[in-house]
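Asker: I need the structure of the sequence given here:
(one chain, ligands or ions: 1)
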Amino acid sequence: MEHEEKRLNDLDDEQMDTAVSEEYGADQIQVLKGLEAVRKRPGMYIGSTGPRGLHHLVYEIVDNSVDEALAGYCTHIEVEILPGDVITVRDNGRGIPVDINEEEGLPAVTVVLTVLHAGGKFGGSGYKVSGGLHGVGSSVVNALSEWFEIEVSRQGHVYRQRFTRGDVVTDLEVVGDTDGTGTFIKFKADPEIFTETTEYEYDVLARRLREQAFLNAGLSITLTDKRDENDVQSEVFCYEGGIRSFVDYINTSRGLSPVHEDIMHFTTVQGDKSAEVAISYNDGYNEIILSFANDVRTVDGGTHEQGFKTALTRVFNDYGKKFNLLKDGDKKLSGEDVREGLTAVISVKLTEAQFEGQTKGKLGNTEITGLVSKMLYDKMMTYFEENPSVAKAIFNKALDASRAREAARKARDNARRKSALESNALPGKLADCTDKNPENTEIYIVEGDSAGGSAKEGRDRNIQAILPLWGKMLNVEKARVDKVIGNDKLTPVIMALGTGIGDDFDITKLRYHKVVIMADADVDGAHIRTLLLTFFFRYMRPLIEQGYVYIAQPPLYKISKGKKHVYAFSDEERDREIEEMGGSCDIQRYKGLGEMDPQQLWETTMDPNYRTMLRVNMEDAMEADETFSILMGDKVEPRRLFIEKNAKYVENLDI
Ligand code: 0RA
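Answerer: Down below sits the predicted model:
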């Protein structure tokens, strides 16, 4: 059992971009390190050896083909999942060079696959841009594969080479002739490395491949799952509309109704930098902004997103001033106002992208802020002036948002002295801890009174506070900030954390540096987790960005034999423990937290020395937000699709 705090996300590898030189030559490959390092510390290179790391292998290979497409040489990429979870990736690019590299005395393709850090970026002919991990990928995937095969079509021939666990098995040999060019890779993830699972999830791969297709308009990516010959699944992702289609897809899949017909689309190029945005407004209250740098998702935003937001607010206010749309009593529109009901995709390309932050999810290049903001300001302003009816509809929506917010603020100010939210009062059901230094303290938000009771008794009252949740779930989907404040389920959370929400959010007032969601491992538990994550994501985002939110991991089983007992957190772990105990054990399955006595809850889930907690990142929160939109929004169709798609998981739940 792992008794440490795990991160839900994968730590992206450091950026390995190297300078781009004018001409490609096999001898320019930079030889840095061998592959043993990769097998010794796989997490360093692919983030984790869990399911995420496993899927990352496919992304690494596909990213190289996408780079080839970006360079203008590849139009089709085909990904297949074969029986035994073997992956194949085929592209119709130029093919990885096969000429002999002088330094190594080996074919370039062999060097690319056996030497760490040698990849597409080495003096790449035309590889102007590249994402964080691009170009280091192939050798890492080779190292972590039980076996790996490559076929390159180039210069009239088909060349093939095989490897096991990164070691050469056959030299590069000509196995046929061809008129075409391209690269074909086939590999099997090494179960010695991916001990948890080597099974791919179609939907996970589909999501990422679809995203890559949106980001590269016209590029066709096919995904085919051939694992079950009676149920072959296949999709072609190809969008002539690029990120504009992406925005349309997000709106449709979430059941959002746009308030204007055409999706705005602005682009700009300046030297080796480019920026592109697609924008639409719907009649809902949430903002959805997805940003990318060199086709790599920047979940934590960064300079491009900052430029976008600044310019957007300026466009609305300047437009309002110019056409006298802001009345005397109206305040300037805030960022929150102009982003209400917004769906936007931002994509920038640049030569030396700096990915910052703990998870490398934030773009740091300051030169990109101005490029995006100038483009957006100029082009959106022009668009507004040329499309006055669209502009009015959108502007009035923001104005509504502003007035609603202002009204709520006034109402709140009037009631200030009595208002619990403003008066530093604490919710009645909170069992606070004695230590008042947030750096030391934790709050457990617990669904259910019986679990709340156990947690109160079992906790370390010095540093752990318990807040049991009760009351009615709020449909945040259809509510503005004012409704959220009045909700009896969320108000105690806001009060206990002390930060306020939305525009008023102040992280320095946070009363606990660990905010732990503790809920049952069933559908109701999932519901409350989704609600809270969505709420944090929409109204207290820095809480997630700065890594203060956690999910407790209570055990699923207690396995006893004689006087000895252990806990298991998954079915696999249960089976392993039973085997280790020599079989014939007594197995108790915990249906809910409430079944554990205070001592057990402390031992397994709350004791900082032994517990496992998942730290929530922006990606998780965004996923929760998406699920929430689908489940709670007012369109039936996306909800029906979601339930149909996820019904098989629900069946498996023991409820
Ligand atoms: C370096 C140089 C050239 C192509 C590639 C890399 C290349 C790499 C991958 C990885 C997957 N598919 C790929 N396709 C191409 C081009 C050298 C030239 O022909 O001038």
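
Asker: Please identify which helix or strand holds the one residue in the stretch 101-250 of the chain that gets nearest to the ligand.
Answerer: Using Cβ to the nearest ligand atom, the single residue of the stretch 101-250 of the chain nearest to the ligand is residue 183, 3.7 Å away. Heads up, the C-betas are built off the backbone N, CA and C, glycines and all. Using DSSP states H and E, the element containing residue 183 is strand 182-189.

Asker: Tell me, how many residues neighbour the residue of the stretch 101-250 of the chain closest to the ligand?
Answerer: Using other Cβ atoms under 10 Å, the number of residues around residue 183 comes to 25.

Asker: Then residue 82?
Answerer: Neighbours of residue 82 using other Cβ under 10 Å come to 14.

Asker: when you give positions from now on, start the count at 676
Answerer: Taking 676 as the first residue, the last one we looked at is residue 757.

Asker: leaving aside the residues next to it on the chain, what's closest to it?
Answerer: Taking Cβ to Cβ, 6 or more residues apart in numbering, and ignoring the residues beside it in sequence, residue 757 has residue 901 as its nearest neighbour in space, at 5.4 Å.

Asker: measure that neighbour to residue 820 for me?
Answerer: Distance, residue 901 to residue 820, using Cβ to Cβ, to the nearest Å: 19 Å.

Asker: which of those two has more neighbours?
Answerer: Legend: neighbour count by other Cβ under 10 Å for residue 901 and residue 820, higher for residue 820 (24 against 15).

Asker: The more buried one contacts residue 840, correct?
Answerer: Yes. Counting by Cβ atoms under 8 Å, residue 840 is a contact partner of residue 820 at 7.1 Å.

Asker: which neighbours do the two share?
Answerer: residue 865 (Cβ atoms under 8 Å, 6 or more residues apart in numbering).

Asker: neighbours around residue 1033, how many?
Answerer: By other Cβ under 10 Å, the residues close to residue 1033 number 15.

Asker: any idea whether it is helix, strand or coil?
Answerer: Recorded secondary structure, residue 1033: coil (DSSP: H, G, I helix; E, B strand; the rest coil).

Asker: and the gap between it and residue 1103?
Answerer: Distance of residue 1033 to residue 1103, computed by Cβ to Cβ: 37 Å.

Asker: now residue 884
Answerer: Residue 884 sits 50 Å away from residue 1103, taking Cβ to Cβ as the criterion.

Asker: These two: which is more packed in?
Answerer: Per other Cβ under 10 Å, whichever of residue 884 and residue 1103 has more neighbours is residue 884, with 21 against 8.

Asker: measure that one to residue 894 for me?
Answerer: From residue 884 across to residue 894, the span is 10 Å (Cβ to Cβ).

Asker: What is the least confident helix or strand in this protein?
Answerer: Lowest mean confidence among the helices and strands of the chain (mean pLDDT, DSSP states H and E): strand 681-682, at a mean of 34.

Asker: counting contacts, what elements does the lengthiest helix in the chain pack onto?
Answerer: Counting residues, the longest helix found in the chain (DSSP state H) is helix 1063-1089. Contact partners of helix 1063-1089 among helices and strands, from 3 or more Cβ pairs under 8 Å, 6 or more residues apart in numbering; DSSP states H and E: strand 948-956, helix 978-997, helix 1010-1013, helix 1042-1061, helix 1156-1161.

Asker: now the ones you listed in TSV, with mean neighbour count?
Answerer: Below are these laid out as TSV (neighbours: other Cβ atoms under 10 Å):
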stretch	mean neighbour count
strand 948-956	23
helix 978-997	20
helix 1010-1013	20
helix 1042-1061	18
helix 1156-1161	17
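
Asker: nearest to residue 728, of these?
Answerer: Smallest distance to residue 728 across the helices and strands packed on helix 1063-1089 (Cβ to Cβ): 27.0 Å, for helix 978-997.

Asker: Send me that closest one as PDB with only the CA atoms.
Answerer: This file holds the C-alpha atoms of helix 978-997, laid out as PDB (Å, rounded to 0.1, in the frame of the first residue of the first chain):
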ATOM      1  CA  THR A 978       0.500  34.800 -20.700                       C
ATOM      2  CA  HIS A 979      -1.700  34.000 -23.700                       C
ATOM      3  CA  GLU A 980      -4.800  33.600 -21.500                       C
ATOM      4  CA  GLN A 981      -3.900  36.800 -19.600                       C
ATOM      5  CA  GLY A 982      -3.600  38.700 -22.900                       C
ATOM      6  CA  PHE A 983      -6.900  37.400 -24.000                       C
ATOM      7  CA  LYS A 984      -8.700  38.300 -20.800                       C
ATOM      8  CA  THR A 985      -7.300  41.800 -20.600                       C
ATOM      9  CA  ALA A 986      -8.200  42.600 -24.200                       C
ATOM     10  CA  LEU A 987     -11.700  41.200 -23.900                       C
ATOM     11  CA  THR A 988     -12.600  43.400 -20.900                       C
ATOM     12  CA  ARG A 989     -11.200  46.400 -22.800                       C
ATOM     13  CA  VAL A 990     -13.100  45.600 -25.900                       C
ATOM     14  CA  PHE A 991     -16.400  45.600 -24.000                       C
ATOM     15  CA  ASN A 992     -15.800  48.700 -22.000                       C
ATOM     16  CA  ASP A 993     -14.500  50.700 -25.000                       C
ATOM     17  CA  TYR A 994     -17.300  49.600 -27.200                       C
ATOM     18  CA  GLY A 995     -19.800  50.500 -24.500                       C
ATOM     19  CA  LYS A 996     -18.300  53.900 -24.100                       C
ATOM     20  CA  LYS A 997     -18.100  54.600 -27.800                       C
END
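
Asker: which residues sit against it?
Answerer: Helix 978-997 is touched from outside by 950, 952, 964, 966, 968, 973, 1000-1001, 1007-1010, 1012-1014, 1019, 1021, 1023, 1038-1041, 1043-1052, 1055-1056, 1059, 1066, 1070, 1073-1074, with contacts defined as Cβ under 8 Å, 6+ apart.

Asker: again with stretch 861-868
Answerer: With Cβ under 8 Å, 6+ apart as the test, stretch 861-868 has contacts from 714, 717, 724, 729, 732, 736, 759-763, 816-817, 819-825, 840, 873.

Asker: Only the buried residues of stretch 1305-1320, if you could.
Answerer: Applying a neighbour-count criterion of 16 or more other Cβ atoms under 10 Å, one finds 1305-1308, 1313-1314, 1317 buried in stretch 1305-1320.

Asker: what about residue 878, neighbour count?
Answerer: Neighbours of residue 878 (other Cβ under 10 Å): 11.

Asker: Check for me that it belongs to a helix.
Answerer: Yes. Assessed with three-state DSSP, residue 878 lies in a helix.

Asker: Which parts of the stretch 826-975 of the chain are strands?
Answerer: 832-839, 842-852, 857-864, 895-900, 908-912, 939-945, 948-956, 963-968, 971-972 (DSSP state E, counting those that start in this stretch).

Asker: Give me the phi and psi angles of the single nearest residue of the stretch 926-1075 of the chain relative to the ligand.
Answerer: Nearest residue of the stretch 926-1075 of the chain to the ligand (Cβ to the nearest ligand atom) works out as residue 970 at 14.5 Å. Dihedral angles of residue 970 (phi, psi; degrees, to the nearest 10) stand at phi 70, psi 10.

Asker: Report pLDDT for the residue located most distally from the centre of the chain.
Answerer: For the chain, the residue at maximal distance from the C-alpha centroid (Cα atoms, centre = their mean) is residue 1237, at 44.6 Å. Here, the pLDDT recorded for residue 1237 equals 89.

Asker: Now stretch 889-897: buried residues?
Answerer: Neighbour-count burial for stretch 889-897 [16+ other Cβ under 10 Å]: 889-892, 894-897.

Asker: Correction: the previous question concerned stretch 955-973.
Answerer: Residues of stretch 955-973 classed as buried: 955-957, 959-973 (neighbour count, 16+ other Cβ under 10 Å).

Asker: so where's the stretch 726-875 of the chain shaky on pLDDT?
Answerer: Applying pLDDT under 70 to the stretch 726-875 of the chain flags the ranges 792-811.

Asker: Show me the shaky parts of the stretch 1176-1325 of the chain.
Answerer: Applying pLDDT under 70 to the stretch 1176-1325 of the chain picks out residues 1318-1325.
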